[in-house]
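[1] would you be able to build a 3D model of this:
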Amino acid sequence: MKGDIRIARGEVDALTDIPLYVQAATPRFRTVYLLLRDLCRKGRLNNLFEDFFHMVGVPAAIVDLAGNVLASSRWQRICRDFHREHAESCRRCTESDTQLANQLEAGSDFTMYRCRNGLTDCASPIIIEGEHVANLFIGQFLLEEADRDQFRQQAAGFGFDERAYLEALSEVPVVQQALVPSIMGFLVGFARLITALAVEQFNALEAEQAHRRHLEEQVQQRTRELKERTVQLENARNDLARQARIDGLTLVANRRALDGFLESEWRRLARSRRPLSLLMIDVDHFKAYNDRHGHPAGDACLVTIARLIAEVVQRPTDLVARYGGEEFACVLSDTDQRGALHIAEAIRQRLAELNAQPMGSQLLDAVTVSIGVATCTPALGTPLAGLIEGADRCLYRAKRSGRNRVCADPGALGTVAMTDGQPGSRVGLSS
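    The predicted model follows:
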């Protein structure tokens, strides 16, 4: 702290490890720069940014105006190992950084830019006591599923190993458009929080010598405020993490949450040698429904079906997720094939009851589903891909057999279990 005071008084030689452009700046700029740098070093922002990266898969960093990184998480591997390693693709990255910086210099609270390498970056300025000293960046994500052909062409153009490049691409998260305002709000709010903390330190620094006793009282007050703000930040981070695991349309779990839950339950049930069942549910003729009534009606249909499935699958140990498009998945923990078939048929029957009351639902036409059921007892060292593939096969068989039915692999029951969606039908269980 004493060194910072000397810098504020213009004694540049007091600290020699600051960038040349900062040494040449005004004493006020040097002071706020050093305050921000010390905050980044002592405030464990690297850990916070790394936690943010683990939660949402999006890197974050504070970068000064000369491009020096003051605090950051790890970068996306596609940027670190590929885009920044090739001269031409690195030039594109620099163009993105410059574009973001220019927009922030123009007075924007935040800016978002899609670089020519195909990823999206966002930034918000950190302004302390009227001095624009650094920028808070988050980015290296996608706003929609990647055009893999485009990235293949990019790999060929830059001489990247295509397989390794596409593997790195698969690690880049796709952020739903509906979540962008929340992410930008978090970005701006966090930049302002850092600014507020730095301003508080600046004010305390100016008053330190003349009001030491008073400063001690203020520090206690600031500590309480910092704890409150830390709680607020933690709550905001938890909210963001929850949003990253929820499908924005149907409000059930998304594919990312499904994959994590399946892996966790696979390991847990492998230890206890208990069964695990998976339902794959596809809305029949959904494209035709969309074409006939329009996408808003199609969205309302998916929301209705997701809510119906969640009403049937109510155990806290189970999970309902949107697998993609018009396809849903249900993970039924500690559930054998009989129990899974019972749940699957209950879903199909509930939808039939809803179709019989068109005035009481958001469905404009009768809608049916086909359901594939797979059950196994997990074993450590055995991949769970077989369970997913089994449910997919049964779903395909249900579709091929006429739709509006439930189909399960032969397992402990000995035969293929099937319902045909006709009045009076029974699940084909062997005795």
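
[2] where does the stretch 51-200 of the chain have low pLDDT?
    Within the stretch 51-200 of the chain, the ranges that satisfy pLDDT under 70 run 106, 184, 187.

[3] for it, which segments count as strands?
    Using DSSP state E, counting those that start in this stretch, the strands found in the stretch 51-200 of the chain span residues 60-64, 69-72, 111-114, 120-128, 131-141.

[4] pretty sure D392 contacts G372?
    Yes - using CB atoms under 8 Å, D392 is in contact with G372, at 6.3 Å. Every residue, glycine included, has its C-beta placed from N, CA and C.

[5] common neighbours of the two, please.
    Counting by CB atoms under 8 Å, 6 or more residues apart in numbering, the contacts common to D392 and G372 are M280.

[6] in terms of neighbours, single out the busier of those two.
    A count of neighbours by other CB atoms under 10 Å puts G372 above the other of D392 and G372, at 26 against 17.

[7] next, format the strands of the stretch 51-200 of the chain as JSON lines and append mean neighbour count and distance to Q220.
    What follows is the strands of the stretch 51-200 of the chain, written out as JSON lines (neighbours: other CB atoms under 10 Å; distance: least, CB to CB, whole Å):
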{"stretch": "strand 60-64", "mean neighbour count": "22", "distance to Q220": "27"}
{"stretch": "strand 69-72", "mean neighbour count": "19", "distance to Q220": "26"}
{"stretch": "strand 111-114", "mean neighbour count": "18", "distance to Q220": "38"}
{"stretch": "strand 120-128", "mean neighbour count": "23", "distance to Q220": "23"}
{"stretch": "strand 131-141", "mean neighbour count": "24", "distance to Q220": "27"}
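
[8] okay if I get those as CSV plus distance to R37?
    Formatted as CSV, the strands of the stretch 51-200 of the chain follow (distance: least, CB to CB, whole Å):
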stretch, distance to R37
strand 60-64, 8
strand 69-72, 6
strand 111-114, 23
strand 120-128, 11
strand 131-141, 9
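
[9] report the buried residues of the helix or strand hosting G390.
    Under the criterion of DSSP states H and E, G390 resides in helix 385-400. Within helix 385-400, the residues that count as buried by 16 or more other CB atoms under 10 Å are L387, I388, G390, A391, D392, C394, L395, R397, A398, K399.

[10] count the neighbours of the nearest residue to N355 once chain neighbours are set aside for me.
    Nearest non-adjacent residue to N355, counting by CB to CB, 6 or more residues apart in numbering: A366, 4.2 Å away. A366: 14 surrounding residues under other CB under 10 Å.

[11] again, but for P378
    Neighbours of P378 under the rule other CB under 10 Å: 23.

[12] A391 versus that one, what's the distance?
    Counting by CB to CB, to the nearest Å, the gap from P378 to A391 is 14 Å.

[13] R224 should be in a helix, yeah?
    Yes - counting by DSSP: H, G, I helix; E, B strand; the rest coil, R224 is located in a helix.

[14] and it, how many neighbours?
    9.

[15] for stretch 131-141, output the C-alpha coordinates as PDB.
    Extracted in PDB, the C-alpha atoms of stretch 131-141 (Å, rounded to 0.1, in the frame of the first residue of the first chain):
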ATOM      1  CA  GLU A 131     -10.500   6.400 -15.800                       C
ATOM      2  CA  HIS A 132     -11.100   3.600 -18.300                       C
ATOM      3  CA  VAL A 133      -8.300   1.200 -17.100                       C
ATOM      4  CA  ALA A 134      -9.300  -2.200 -18.300                       C
ATOM      5  CA  ASN A 135     -12.000  -4.400 -19.800                       C
ATOM      6  CA  LEU A 136     -13.900  -7.400 -18.500                       C
ATOM      7  CA  PHE A 137     -14.200 -10.000 -21.200                       C
ATOM      8  CA  ILE A 138     -16.300 -13.200 -21.500                       C
ATOM      9  CA  GLY A 139     -16.600 -15.100 -24.600                       C
ATOM     10  CA  GLN A 140     -15.400 -17.900 -26.900                       C
ATOM     11  CA  PHE A 141     -18.900 -19.400 -27.100                       C
END
